[in-house]
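Novice: next one to model:
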Amino acid sequence: MDLLFFVQDSPAPPAGGSGQGPGGGFLGMLPMLAMMFLVMYFLVMRPQSKQRKERDEMIKNLKKNDKVLTNAGIYGIVKQVNGDDPDLTLCIDERKDVCIKVSKQSIASLVKASGSADAEPKPETTEKKS
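Specialist: The predicted structure is shown next:
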């Protein structure tokens with residue numbers, strides 16, 4: 001077996017003398033990189049920034065009796081909010097008066113605001129009085 005077939009002659013540089021390959025080098029890739037950055041900005045970075053601002057506004061506007069969901073999946077009712085304090089008190093069982101103290105940053109979403117117009121419907125009993 002002959003090993004000479006692995007040795008190849010390198011092609012001569014182009015006659016222009018610039019030494020750049022057929023792709024045009026970095027200047028040829030610059031518009032492509034700019035387009036990729038713009039697409040990344042409008043598809044990823046801008047919507048993420050908008051969501052973060054909305055969440056910060058929601059956390060800032062939390063008030064007593066708001067129903068919330070935490071990042072851990074716990075539903076609760078806000079019982080106490082202290083202005084600049086980073087914590088708040090959530091009541092997770094009103095019948096047994098079980099309350100926990102959580103960080104405001106752990107609130108994932110607002111389920112129902114305290115002053116919302118759509119009140120919970122009261123369950124109707126199906127029993128007939130005799």
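Novice: residue 64: what secondary structure?
Specialist: Taking DSSP: H, G, I helix; E, B strand; the rest coil as the rule, one finds residue 64 in the coil state.
Novice: quick check on it: phi, psi?
Specialist: Listed backbone geometry of residue 64 is phi -60, psi 140, with angles given as degrees, to the nearest 10.
Novice: that one and residue 109, how far apart?
Specialist: If you measure residue 64 against residue 109 using Cβ to Cβ, to the nearest Å, the figure is 18 Å. C-beta here means a position set from N, CA and C on the backbone, and glycine is covered the same way.
Novice: for residue 96, same thing?
Specialist: When residue 96 is compared with residue 109 (using Cβ to Cβ), they lie 25 Å apart.
Novice: then residue 30?
Specialist: The span separating residue 30 from residue 109 equals 42 Å under the rule Cβ to Cβ.
Novice: and the residue nearest the centre of the protein?
Specialist: Among the residues of the chain, the one closest to the centroid is residue 48, at 5.8 Å (Cα atoms, centre = their mean).
Novice: report the mean per-residue pLDDT for the helix or strand harbouring that residue.
Specialist: In this assignment (DSSP states H and E), residue 48 forms part of helix 46-60. Here the mean pLDDT over helix 46-60 is 94, rounded to a whole number.
Novice: can you pull the buried residues of that helix?
Specialist: Neighbour-count burial for helix 46-60, with 16 or more other Cβ atoms under 10 Å as criterion, is recorded at 58-59.
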